[in-house]
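Colleague: Compute the structure for the input listed below.
(one chain, ligands or ions: 1)
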Amino acid sequence: MKYLAIILTIGGTWTASDLDFSFLTARTGPEVYESFCQNCHGENGRGANRETNLYVDRRRLRTADGELITSILDGKNDMPGYSNVLTYEEAQNVLNYIREDLRSR
Ligand code: HEC
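Modeller: Residues are numbered from 1 along each chain as shown. Just a heads-up that it's a prediction; the model follows:
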């Protein structure tokens with residue numbers, strides 16, 4: 001806190017908009033998808049093979065949200081887990097994106 005006080009003093013007048021609080025805001029589905037998922041699941045979610053094609057098997061996305069979010073956060077077989085880089089909310093956002101907008105691409 002001492003250093004923060006010094007920085008604020010040196011910096012002059014600060015307002016909330018001078019500080020970058022974007023790390024507190026959950027990233028959107030498309031943001032998460034492009035950063036972490038697209039390299040395997042492809043631009044349209046159809047991947048390069050059967051394993052990475054999210055839409056090849058109709059049953060796959062019929063699985064409940066909670067279970068798919070566990071796969072996203074903890075990983076599943078050849079898919080690594082993302083719990084170290086995504087919050088639960090961000091995993092939910094990217095799952096919604098996969099279920100809705102991405103599907104119709
Ligand atoms: C390194 C490649 C790779 C990356 C990167 C990757 N996946 Fe996967 N993903 C896979 C593979 C392979 C499977 C199939 C796993 C299985 O069912 O054996 C899979 C399966 C899935 C499934 C189905 C899970 C289930 O329970 O059936 C979902 C949903 C999914 N991925 C979403 C994502 C999301 C969201 C991201 C980004 C945060 C992501 N994947 C990143 C390779 C990847």
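Colleague: Quick check: closest non-adjacent residue to the spatially most central residue of the chain.
Modeller: Residue closest to the average C-alpha location in the chain (C-alpha atoms, centre = their mean): residue 32, at 3.2 Å. Excluding its sequence neighbours, the residue lying closest to residue 32 (C-beta to C-beta, 6 or more residues apart in numbering) is residue 94, at 4.1 Å. C-beta coordinates here come from the backbone N, C-alpha and C atoms, glycine included.
Colleague: Packing partners of the host helix or strand of that neighbour?
Modeller: Under the criterion of DSSP states H and E, residue 94 resides in helix 88-99. On a contact count with 3 or more C-beta pairs under 8 Å, 6 or more residues apart in numbering; DSSP states H and E, helix 88-99 meets helix 29-32, helix 65-74.
Colleague: can I get the CA coordinates of the last one in CSV?
Modeller: Read it as helix 65-74. In CSV, the C-alpha atoms belonging to helix 65-74 read as follows (Å, rounded to 0.1, in the frame of the first residue of the first chain):
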residue,chain,number,x,y,z
ASP,A,65,-23.5,-27.6,-19.2
GLY,A,66,-21.9,-28.5,-15.8
GLU,A,67,-20.3,-31.6,-17.3
LEU,A,68,-18.9,-29.8,-20.4
ILE,A,69,-17.6,-27.0,-18.2
THR,A,70,-15.8,-29.6,-16.2
SER,A,71,-14.2,-31.0,-19.4
ILE,A,72,-13.2,-27.4,-20.4
LEU,A,73,-11.7,-26.6,-16.9
ASP,A,74,-10.2,-30.0,-16.0
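Colleague: Could you give the separation of it from the chain centroid?
Modeller: Mean C-alpha position of helix 65-74 versus that of the full chain (C-alpha atoms, centre = their mean, to the nearest Å) differs by 12 Å.
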